[in-house]
Every structure is written in C-alpha cells, then in structure tokens.
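*Asks:* need the 3D shape of this:
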Amino acid sequence: MRIIELDRKKGLITISVENTDDLYVLYSFIKPGDIVIAKTSRRIKIREGVSVRKSMILKIEVKAVSFHEFAEILRLRGTILEGPERFVSLGSFHTINVKIGDTITIIRPNDLTDADLQPLREAEKLSKFKPILLVAIEEEESTIAVLTSYGLKIITSVHRSLGSKSDSKEYESRLRMLFSDVTNVVMEAIKQYDPQAIIVAGPGFTKEYFVEFLKIRLDRKIPIVIDSVTSGTEAGIQEIIRRGTPQKVLAEQRVAEETAKIEEFLMHIGKDDKLAVYGYEPVKQALEMGAVDTLLLSMSLINTVDLELRRKILKLVELAKMTRSRVLFISTMHPAGKQFLRFGGIAALLRYRLSL
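*Replies:* This next block holds a predicted model:
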C-alpha cells in the first residue's frame, strides 16, 4: 500500500493498492457512509438493444462493502454522488470493483482518527518489505534477481552447456556444475540482501532438482517457494512477477506472523502462566501498567459501527503508542484470525507476568 495523499482536515486519503493484503486492510477500513472516488466502468446504452462498457471516474457514497477473496476484488456498492452527467444518474446505484494496481480516494466526512489510520500506515510499512530472491532456472540457463520495495534488480545470468543426455553421467555432472554456479550467486545474494524468501521457478523438473541441491547447502533457514514459468531467462523472472507469486509470498508471510502470535497467545492462556491477557478491561489495565509487548486487535473491530466500542479501541491504540507497545491487527480472512475473534478480538502478549 502506498498513501499518495492525506488531508486530515478534509478526512481524505488517496491510496495505491499494491497487493492482496492492501485489499484486506481496505475491506476492514471502508465502511457505510464513506465517500469513495475511483476509476470504474459502467455499461451505457447507446441505442435500443446496444450497450457498451465505458470507463469513467465516479464518486459514490458507500452502502455496502464485500471482499471476494479468490478473485482478489473489493466491491464497494453505493449511490452515485458525482460523475459524467451524460452517462450516469445521480442517486443511482453502482458497484466499484477495487483490484491490485488501482488507486482510490476515500473521504470520511467526520474526519480520520489515529485508530482509522493505524492499519493503513501499518500496511504502508509492510509494502517496504524485506527483499525476495527470484531464481528462474532451466536446463543450461538461470537468471537470478532480487525484488525489493523499490523495484527489481537482475543480479546475473548463468549459462552452462550440458551436452547430450545420451551421456547421462556427463550430463548430470554438468547439471550439478550449473546448480553449483547458481547456488554460489544465491549465497552471495543472501549475504547482501537478507531476503525473507526465495522463489525458484522454471519449466519441467529442473527447478525441483535445483531446490533439493540448494537446501542442502544453505546455512540458514529461508522459505523456498517453487513456481512454474516458461524459461530460465530474464523473461522467466518477469513471468514470476506477472503471476503474482511475490505478492502471494508476502501475504503468506503476513498470515504466518499473525498465526504465530495467536498461537503464542493461546499457548500462554493454556498454560495460565500470566504472560497473556484478553478482553477489554484486562488488556487496558496491562497497557496502563506498561506491561504489554504486543497488542493484538482483530481488524473486524477497527471500523465497527458501535461508536462506544470504537472509542474503546481507539483508547487501546493510544495507550499502546504511549507505552511503546507494538500493535498487530489480525485479519479474519484466515482460520487463526477467526479463532482469535472468538476470544473477543482483543488480547495482549506481556513483557512480564501479571495477575489481573
């Protein structure tokens, strides 16, 4: 997520949507009554029995928000406030589909609070992710690249003739030499970039053989994701990106972190070791005492229509800021997040034992 413009006085924020996580955050952030301005398309009747879909920018007042997880589309249904008069009727309904790569402006007439903005700013921080190494590999050729929040950098390409498969021993020996050359580049890249994951992709089975070879030689644990692309060239690297594999890795990393924190919370509750609390009052007391290491809040509570609950959540976020406690917003789009919601969606991992 990239915040392009923020005007607190107008209650306006413009956002560039960069990955699926951003859609999750916006699903929790946008609520009925918000005003959204975005590029969309609408079917226009040009004559009897003939209509075309035309692109336009519309301003709508949101009435309902839904998220289609598998299609990776956020749907905002509402009434049209502004648009090209030739093509729309003010007050009529329209659905804006928000996808990865879109830019939208959200206006919250009653101003944007710190609690409102916290999930968005956290998502923006996440967009500046630790690098991901990309390896496209096939017989005789491999390209290694690094993807950072600032863009893609091709590190190098490796070529090695493998000869005829009829001489199986010579062929396998040369294939191992190719793997060794690529592994050396990967190891150096790990030292330089400290990646959070490695994506290895290519045609056929070469990628799987290489991953087996690489895992034995890695001196640290790094998640490795295998994908299929058509070549081991720079075009293969671009194909990895077009397929959205890095975004999926980032989303999985985020879910893994949330799941790990929830499991840690459940472990402490199960052991009754006084290193975790849940529920509004116990968590508030722990925050006031400066005992909270990580405050866990379900995203479903961030934009509740219950104004009193909303005020309480804002109070917790403010206390966490004052006591330098980390705030982690938990998505309800995965099983652990749904399980956490059954505990009320408010919990804290503590710095030291408390009996509350």
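*Asks:* the strands in the stretch 251-356 of the chain, which residues?
*Replies:* 276-278, 292-298, 326-330, 346-350 (DSSP state E, counting those that start in this stretch).
*Asks:* tell me the angle of the second one relative to strand 346-350?
*Replies:* Read that as strand 292-298. Going by axes from the mean of the first three to the mean of the last three CA atoms, to 10 degrees, strand 292-298 is angled at 160 degrees with respect to strand 346-350.
*Asks:* neighbouring strands for strand 292-298, and are they parallel or not?
*Replies:* The strands that strand 292-298 pairs with in its sheet are strand 326-330 (parallel), strand 346-350 (antiparallel) (by DSSP bridges).
*Asks:* need the strands of the stretch 251-356 of the chain in CSV (columns: distance to residue 88, mean neighbour count and mean pLDDT).
*Replies:* All C-beta spots, glycine's among them, are computed from the backbone N, C-alpha and C. Output for the strands of the stretch 251-356 of the chain, formatted as CSV (distance: least, CB to CB, whole Å; neighbours: other CB atoms under 10 Å; pLDDT from 0 to 100):
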stretch, distance to residue 88, mean neighbour count, mean pLDDT
strand 276-278, 48, 23, 96
strand 292-298, 37, 22, 94
strand 326-330, 35, 19, 86
strand 346-350, 42, 24, 96
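*Asks:* could you list the domains of this structure?
*Replies:* Using automatic domain parsing, the domain ranges for the chain come out as 2-125, 132-243, 256-350.
*Asks:* low-confidence ranges in the stretch 51-200 of the chain?
*Replies:* For the stretch 51-200 of the chain, the stretches flagged by pLDDT under 70 are 69-71, 125-129, 149-151.
*Asks:* compare the strands paired with strand 292-298 and give me the one nearest residue 293.
*Replies:* In terms of CB to CB, the element of the strands paired with strand 292-298 nearest to residue 293 is strand 346-350, at 5.0 Å.
*Asks:* what's the spacing between that closest one and its chain's center?
*Replies:* 23 Å (CA atoms, centre = their mean, to the nearest Å).
*Asks:* hmm, who's touching stretch 182-190?
*Replies:* Stretch 182-190 has contacts (CB atoms under 8 Å, 6 or more residues apart in numbering) with 133, 135, 137, 142, 144, 146, 155-156, 158, 195, 198, 210, 213-214, 217-218, 220, 222.
*Asks:* what's the local residue count around the residue lying closest to residue 275 once chain neighbours are set aside?
*Replies:* Once flanking residues are discounted, residue 275 sits nearest to residue 268: 4.5 Å by CB to CB, 6 or more residues apart in numbering. Neighbour count for residue 268, taken as other CB atoms under 10 Å: 19.
*Asks:* same question for residue 232.
*Replies:* Neighbours of residue 232 using other CB under 10 Å come to 29.
*Asks:* got it, and the one 4 residues further on?
*Replies:* Here the number of neighbours of residue 236 (other CB under 10 Å) works out to 25.
*Asks:* for it, list the residues it contacts.
*Replies:* With CB under 8 Å, 6+ apart, residue 236 has these contacts: 136, 138, 143, 201-202, 229-230.
*Asks:* farthest pair within those?
*Replies:* Longest span within these, CB to CB: 143 and 230, 12.5 Å.
*Asks:* higher neighbour count, the two?
*Replies:* The neighbour count for residue 143 versus residue 230, taken as other CB under 10 Å, is higher for residue 143 (26 against 13).
*Asks:* which strand residues bridge the more buried one?
*Replies:* residue 136, residue 157.
*Asks:* I'd say it and residue 237 touch.
*Replies:* Yes - here residue 143 reaches residue 237: they are 5.4 Å apart, a contact under CB atoms under 8 Å.
*Asks:* mutual contacts of the two, please.
*Replies:* What both residue 143 and residue 237 touch, as defined by CB under 8 Å, 6+ apart, is the set 136, 154.
*Asks:* picking that back up, got the strands paired with strand 292-298 as CSV, with distance to residue 310 columns?
*Replies:* Output for the strands paired with strand 292-298, formatted as CSV (distance: least, CB to CB, whole Å):
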stretch, distance to residue 310
strand 326-330, 14
strand 346-350, 13
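*Asks:* closest to residue 41 out of the ones you listed?
*Replies:* Per CB to CB, nearest to residue 41 of the strands paired with strand 292-298: strand 326-330, 31.7 Å.
*Asks:* give me the contacts around the closest one.
*Replies:* Residues contacting strand 326-330 (CB under 8 Å, 6+ apart): 25, 28, 118-119, 122, 257-258, 261-262, 293-299, 302, 317, 320-321, 336-337, 340, 345.
*Asks:* restricting to C-alpha, output it in PDB.
*Replies:* The C-alpha coordinates for strand 326-330 follow below in PDB (Å, rounded to 0.1, in the frame of the first residue of the first chain):
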ATOM      1  CA  ARG A 326       3.600  -3.000  19.200                       C
ATOM      2  CA  VAL A 327       0.100  -3.100  17.700                       C
ATOM      3  CA  LEU A 328      -0.700  -6.000  15.400                       C
ATOM      4  CA  PHE A 329      -4.000  -6.100  13.500                       C
ATOM      5  CA  ILE A 330      -5.300  -9.600  12.900                       C
END
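*Asks:* buried subset of the contacts of stretch 182-190?
*Replies:* Buried by 16 or more other CB atoms under 10 Å: 133, 135, 137, 142, 144, 146, 155, 158, 195, 198, 210, 213-214, 222, out of the contacts of stretch 182-190.
*Asks:* out of the strands paired with strand 292-298, flag the one nearest residue 166.
*Replies:* Closest approach to residue 166 among the strands paired with strand 292-298 (CB to CB): strand 326-330, 57.1 Å.
*Asks:* centre of the chain to the closest one, how far?
*Replies:* Averaging C-alpha positions (CA atoms, centre = their mean) puts strand 326-330 14 Å from its chain's average.
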